[in-house]
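**Student:** Structure here, sequence nowhere to be found:
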């Protein structure tokens, strides 16, 4: 077996950090060698600092790792960051400046001109943004958890039919807000029609992802995106009701075919975390559902259903994705795998 | 006090039937004198047949009433029907033919040419459809629970700005499905993106309500409505994320003003069940919410929030309404009150 | 109308504080004249500082009140405290020393020798503990939210049959933990078999309440209490499965009669917040239930059901109570009303 | 590989039936060759008749199997039954009379003198009840879903300390009621203190399981069991708060040791579905929890926590188990594996 890439995790004790740790257990190419978190946890071992909130036990190999301060140097080849947005901005820049490849789930640098907002199935060519660099350090980000699902669903439609307008209404799981996150008194037997900055992120990030690199930056796709976001009492699994105006006439069956036949670079390269089918379609009238479909493809496939004509926008469907796997930890790991496969992480 | 109108309730043991019974307790003009339900309950008293599922106790005055078969004659002046759709069609027609005014919450006759689909704040003039009748019996219906909320929110916008297109995404409470209705194994920690026939009802009923009487029928409003419907684990309170394309430019503040200043015939007439303000606006960023806002105005006001510009349709907002009060039982009772006030129920 | 007693509320912005404020709106004897809370809120008005989390709106009369520091002097005749336990100890003592009657919902002073742990229906005579005081200031506390329900259910059994042992298993609502309190990620679709210090409080407080004043202190009742406590995904309403070993043989019907016939001093005096029946019995096999029964008696009655023989302890039943009304805010207000009626608050 | 035993499943389309089907996919010794269900499904294929409600897809190998009537003959060597109790009684007897070994999850025959109520870790020797038979057909049952957990927790305590009394309070998941089972309107944001016949089953079955075979029947253990049962809004995972009076003094640490060191025949024999440790102990103060611990040991381990002294009974703890795996489908399969390993299923 080839030598493994040594990974440092920033924000390792958080909701996404724990998912990263869990998904990297037994990974053939990546091994966690350092964990860092905010002040409160430092000076403890990971086993002491981290209240494990996923089913099962934390990977035993990490129990004894000391929780370090999130600043360079760390004993690792690359850094995976799931720091809170307010910390991530300067810390990730500091790591990049110190020569670390930074693969981030945080929102701070997503819209930076020189930072790819990467979904490997869609826009692997955005890595051009970092290709000509002299220095070793850089930042690559994955999108917001809802945006990943929306962009994945739109990608095959854009390729085949063109997209002229998108109207998205999300119903998002509580795990998307981290821990302690949403108070149970707020969400039990309730819906909250507000998630801070979420609508703006979806509207802005989607068109960057689906845009094209022109020179040193991405020219966004030119269709407008409208997003209304809601929190619902679901543990994991973001759902989106999506209407789309396409560039040409199409039968619902053609959309179905575009979804199910969609493959990308990760599938061609056989990346470890890539699902065989990025988009699954269910034909039952009442699917997808968060509890039944979130774990499809190991949590890395999104599921689409209820494809139909729409009286206003032309077409509509419902999409679902596991927000902390495909929408966060798995997205970052897939990005790392792509970078590794394409030679961006040679040491 | 004037003599009270004697009311027979069809489907009295069901979810909406129980709300009807609860709301009519102590009503100044209406008194329940007969209850009817499907076969299983007949031959028992209401106290025996009805497993009361609302907080508190069933009105004690009704305990001893016998549960009758839902067919004429019944000892009452008018009939309020919350029968299941499959029974309602012929049974309601039978009562109307026998000379009873039938005020129905069921969907069977809503789209009939000679049946007003009535929301008293919006289209009291649709009662023209029954005004010229020779016979005493007729059917007046209230819309689907989600449609009532959507139409109420659109009415002041249509009046002031014109409406050109509407895109609605609902998140609906379990009580809308009746009892036993949705299985807990289906909806606990889950969202179901499907409610049978609901999208069609919203798309069809909304434009009838907001249409105009032309001759012996209603000419529907001419804008398209797109509806995607979801069931969420909330007990009571339907929420809708609504985008609207208006007929002219408008500031969000103008929409807000249109909502808050909206009043209708029930408010002018001071009908017993009419709320002072049919539409309340909340300015907090995270409202309306089902658990906090469903009981506003005694459950008869809808609450609107998050009014903003929309990149695709122009404007958007979120609406919320108590689906078994304003959306069903209260709607039927308000219809009865309007009919009484306008002389359609004189005996 | 007699002059109203002016009330200062400590911890007014919290979960119980909001209930206090809501229940005191329109109270015939008590009027809120001062609100105090922890640092973060000071310098704002109550309307600015308090994110209102109960259905409906905060009482408009209080919006403009400034939020003050929780320390004397406050412009009021008595102080109602729902401060967090860590602050309540010294602050309440300071108010009492400054001459204020302090009626507290906090746990800090409940077990103090000179502090009555008061449930007016049960142990009004414990006020002897403060009767002989020279100074005007004192502290009277109400018990823990679960303990109130348990003690109320045991009181008539103790009086009629004697009690020899009690085994209680609680299923408690999230509102009992305050706000933000329990994280939704912890309690959604889950049960947590742990509430810090709760089991100890129930085991200790119950026997003080049901004890007798001997000299300057309470001699606790002599039976052992065993409590196991669980948090369940319910918004309001604590439930307890209770087994009890009685001092003499009894038929289940005799327990039922003891419950339904139970009345106390508040009922005799007709105190404003006292429910007509402190204990309601439901005979349906599946009651009480939190969502259906928590608001019985305006939230001030507890509901008992499933009275039966028990193979180990002799008898068992299930009890339910609204934890922030009878179990907290309403308990404190009823205590204030008793003190007022019995002349402890003459100014 | 040895020839596989051919299994017919009665009640294959139900909640437990689906678990059976899912757990038997890829089983090294057992292969499903026939599925039977009630009238409604007959004449369809399993793929048509069964609305799959577990995450993921139904095993594709079964899609084309015809759903048959639950009566002999079926093309199989043994029958696994998860029929509803009202059907199970005569049907299972009919299969046994026709020479089929029947391994049942239903309650109908559990208390029959000649039917072992089997938990292989506890009472494998109860198979003596069927050992001397002339005929090939017999019935072996597994206990009620809550009883299995309770009996497993008590078994090591009985062996080491003796048990004199048990007081159990359960909080049970909705999947225990099958499908459609509990109405969402009943259990959302609620607790129901009633599960039909459940308390009686626990009180009766526990002592049969922990009893000894004397002649042709089981002499039950002699301690009394008290059970109070509640339904909570949890999808999977039954929890029990348990107090136990032991036969001798013991430190809580001794109970902990008895739990963790407990092994049984399935562990000795290395049965396929047997977990390495039947009882896991968690030392965190707030565990076990249904959502975090139900899948421990593949759903076949129970988890115990909060072991402590109890003021009334002496000791207490909390137990948790996956009710449709260890409590139903997995229990039946483990019984089949034991019977196979011990030569009761030789063909």
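**Tutor:** Received the coordinates, thanks. Since we're looking at a predicted model, the values are computed, not measured.
**Student:** So residue A:292: helix, strand or coil?
**Tutor:** For residue A:292, the assignment made with DSSP: H, G, I helix; E, B strand; the rest coil gives helix.
**Student:** and the closest residue in space to it that isn't next to it in sequence, how many neighbours does it have?
**Tutor:** Distances taken as CB to CB, 6 or more residues apart in numbering or on different chains place residue D:55 nearest to residue A:292, at 5.3 Å, with adjacent residues excluded. To be clear about C-beta, it is placed using only N, CA and C from the backbone, and glycine gets the same treatment. Residue D:55 is flanked by 13 other residues according to other CB atoms under 10 Å in any protein chain shown.
**Student:** what's residue D:55 in contact with, if anything?
**Tutor:** The contact partners of residue D:55, taken as CB atoms under 8 Å, 6 or more residues apart in numbering or on different chains, are A:291-295.
**Student:** what helix or strand does residue A:31 sit in?
**Tutor:** In this assignment (DSSP states H and E), residue A:31 forms part of strand A:30-36.
**Student:** what is the rounded mean pLDDT of that strand?
**Tutor:** Averaging pLDDT along strand A:30-36 yields 97.
**Student:** Please work out the angle formed by the directions of the helix or strand residue A:9 falls within and strand A:30-36.
**Tutor:** Assigning secondary structure by DSSP H and E places residue A:9 in strand A:5-10. In terms of direction (axes from the mean of the first three to the mean of the last three CA atoms, to 10 degrees), strand A:5-10 departs from strand A:30-36 by 30 degrees.
**Student:** Closest residue of the stretch 101-250 of chain A to chain D?
**Tutor:** Going by CB to the nearest CB, chain D is nearest to residue A:189 of the stretch 101-250 of chain A, at 4.0 Å.
**Student:** The residue nearest to residue A:292 in helix, strand or coil?
**Tutor:** coil.
**Student:** which residues touch the residue nearest to residue A:299 when sequence neighbours are not counted?
**Tutor:** Counting by CB to CB, 6+ apart, residue A:299 lies nearest to residue A:325, which is 3.1 Å off, once chain neighbours are set aside. For residue A:325, the contacting residues are A:19, A:23, A:298-300, by CB under 8 Å, 6+ apart.
**Student:** What's the ChimeraX line that selects buried ones from the residues you listed?
**Tutor:** To isolate the buried members of the contacts of residue A:325 in ChimeraX, using 16 or more other CB atoms under 10 Å in any protein chain shown:
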select /A:19,23,299,300
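**Student:** Just send the contacts of residue A:325 back as a markdown table, with pLDDT and secondary structure too.
**Tutor:** Below are the contacts of residue A:325 laid out as a markdown table (pLDDT from 0 to 100; DSSP: H, G, I helix; E, B strand; the rest coil):
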| residue | pLDDT | secondary structure |
| --- | --- | --- |
| A:19 | 96 | helix |
| A:23 | 97 | helix |
| A:298 | 97 | helix |
| A:299 | 98 | helix |
| A:300 | 98 | coil |
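**Student:** Return the closest of the contacts of residue A:325 with respect to residue C:224.
**Tutor:** Taking CB to CB as the measure, residue C:224 sits nearest to residue A:19 out of these, at 45.8 Å.
**Student:** Could I get the buried residue list for the strand holding residue A:31?
**Tutor:** So, applying 16+ other CB under 10 Å, buried residues of strand A:30-36: A:30-36.
**Student:** ok, these vs residue A:123, which is closest?
**Tutor:** Proximity of the buried residues of strand A:30-36 to residue A:123 (CB to CB) peaks at residue A:30, which lies at 22.0 Å.
**Student:** Which stretches in the stretch 1-150 of chain A count as strands?
**Tutor:** Applying DSSP state E, counting those that start in this stretch to the stretch 1-150 of chain A gives strands spanning A:5-10, A:30-36, A:67-68, A:78-81, A:101-104, A:138-141.
**Student:** Paired strands for the shortest one, with orientation please.
**Tutor:** Looking back up the chat, that one is strand A:67-68. Note on strand A:67-68: by DSSP bridges, its sheet partners are strand A:30-36 (parallel).
**Student:** Quick check: next helix or strand after the top helix by length along chain A?
**Tutor:** Longest helix of chain A, by residue count under DSSP state H: helix A:145-161. Per DSSP H and E, helix A:145-161 leads on to strand A:163-172 as the next helix or strand towards the C-terminus.
**Student:** State the distance from residue A:174 to residue C:103.
**Tutor:** Distance from residue A:174 to residue C:103, counting by CB to CB, to the nearest Å: 37 Å.
**Student:** let me redo that: residue A:161
**Tutor:** Residue A:161 is 69 Å from residue C:103, by CB to CB.
**Student:** When those two are compared, which one has more neighbours?
**Tutor:** Taking other CB under 10 Å, residue A:161 and residue C:103 do not tie; residue C:103 has more neighbours (27 against 20).
**Student:** Up against chain B, what does the stretch 101-250 of chain A have?
**Tutor:** By CB under 8 Å from any CB of the partner chain, the residues of the stretch 101-250 of chain A that approach chain B are A:165-167, A:169, A:171, A:188-194, A:203, A:224-226, A:228, A:230, A:232-235, A:239, A:241, A:243.
**Student:** measure the closest residue to residue A:300 other than its chain neighbours to residue A:284 for me?
**Tutor:** The shortest distance from residue A:300 to any non-neighbouring residue, by CB to CB, 6+ apart, is to residue A:275 (4.1 Å). Distance of residue A:275 to residue A:284, given as CB to CB: 20 Å.
**Student:** so where's chain A uncertain?
**Tutor:** Counting by pLDDT under 70, the low-confidence segments of chain A come to A:1-2, A:134, A:347.
**Student:** Flag every residue of the stretch 201-347 of chain A that's near chain D.
**Tutor:** Counting by CB under 8 Å from any CB, the stretch 201-347 of chain A comes close to chain D at A:235, A:291-296.
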